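# Okay, predicted coordinates and the sequence, questions at the end:
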Amino acid sequence: MSIPLLEYSPSSQNQRVEGYEVPNEDTPTLYKLTSATSATDIDAIIWAAYRQIFSEHLILTSYRQNFLESQLRNRAITVRDFIRGLGKSEVFRSQVVDVNSNYRLVDIILQRCLGRAAYNKDEEIAWSIVIATKGVHGFIDALLDSDEYLENFGDDIVPYQRRRFGKRPFNLVNPRYNSYWRDIQSVRYMAGRSFYSIRTSGTLTTEDIRRAIPANFFTMAGKIITEERNYQRTIASVTSQVTTLEIPDTSREVSVEEVTIKPVAVSLPYSYIPGIAKN
């Protein structure tokens, strides 16, 4: 049985209130499949979907999903299915999912699929549990099948940033990874080498190396641990034994009468002269 989604309180973000600003270059453009009447319109929808899900940093010819594009051009799938396919593609997994922690991944996918940032830390924790239990594909399915997605984009509209005020668009935010991935790369780069060899042959600063040394040490220690040994179970078993351990009584009763030594008169080599009492 899967863990139910934790409850969280939405915050007052811009997309949750009506806007009265005058339309300008920041006003999002709606790319709708039902309004497409030519191949050029379909190309615009496909380009907008790539720009929204992959971001403009990952729009390369080698990253195109030709099978999904062909289905969309033939109207065999909806825009929502096309978005779902991009989110579950190998490109998205290798370039976005693998290089981010679950918390940051929640915020990124919310931005690209629902057009908004995470409300708060509670929402990040709630959806990160979904990622841990159902995987990224289950998380994407939950978002695309949610009422929020269907009410704002339906089946035929490419997701977009619903409201933007004073910040860069979501699909232009970089880098696509943060210190979480950089620290992992630093540990892999050091790979058990000494501090001196890394400092003299690499480009990392002393602070970077010292920050990664503890993680590098535990990585090396983990490689020498016997895989068959379940240390958590062993620790729990030993702890239980210690708490219930009865220490045996090692004392014994003495049944033999103890030998006593009687004082023996000894002749001293000098005469004892008592002291003279003073009046």
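Happy to help now that I have it. Residues are numbered from 1 along each chain as shown.

# From now on I want contacts and neighbour counts done on CA atoms only, so please keep to that.
Noted.

# tell me, how many neighbours does Tyr160 end up with?
Burial of Tyr160 is recorded as 26 neighbouring residues (other C-alpha atoms under 10 Å).

# Just the local confidence number for Gly166, please.
Gly166 carries a pLDDT value of 61.

# Check Phe170 too.
At Phe170, the model reports a pLDDT of 71.

# For this protein, which element, helix or strand, carries the lowest mean pLDDT?
Lowest by mean pLDDT, DSSP states H and E among the helices and strands of the chain is helix 195-201, with a mean of 53.

# For the stretch 101-250 of the chain, give me the ranges with low pLDDT.
164-168, 171-233, 235, 238, 242-243, 245, 247-248, 250 (pLDDT under 70).

# who touches the helix or strand hosting Leu143?
With secondary structure defined by DSSP states H and E, Leu143 is part of helix 121-144. For helix 121-144, contacts defined as C-alpha atoms under 8 Å, 6 or more residues apart in numbering pick out 2-3, 5-9, 80, 84, 87-88, 97, 102-104, 106-107, 109-110, 113-114, 118, 149-150.

# which ones among those residues are found in strands?
Among the contacts of helix 121-144, the subset assigned to strands under DSSP state E is empty.

# PyMOL command for the buried members of those?
Applying 16 or more other C-alpha atoms under 10 Å to these, the buried members can be selected in PyMOL as follows:
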select buried, resi 80+84+87+88+97+102+103+104+106+107+109+110+113+114+118+149+150
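
# just checking, which of the contacts of helix 121-144 belong to helices?
Judged by DSSP state H, helices contain the following of these: 80, 84, 87, 102-104, 106-107, 109-110, 113, 149-150.

# Tabulate these in TSV, adding columns for distance to Ile59.
Shown next, in TSV, are the ones in helices among the contacts of helix 121-144 (distance: C-alpha to C-alpha, whole Å):
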residue	distance to Ile59
Arg80	19
Arg84	17
Gly87	14
Asn102	23
Tyr103	24
Arg104	21
Val106	21
Asp107	21
Ile109	17
Leu110	20
Cys113	17
Tyr149	24
Leu150	26
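
# Gly115 reaches Phe153, doesn't it?
No - under the criterion of C-alpha atoms under 8 Å, Gly115 is not in contact with Phe153, lying 9.8 Å apart.

# ends of stretch 246-261, how far apart?
End-to-end span of stretch 246-261 (C-alpha to C-alpha, to the nearest Å): 40 Å.

# what about Arg116, neighbour count?
Neighbour count of Arg116, defined by other C-alpha under 10 Å: 23.
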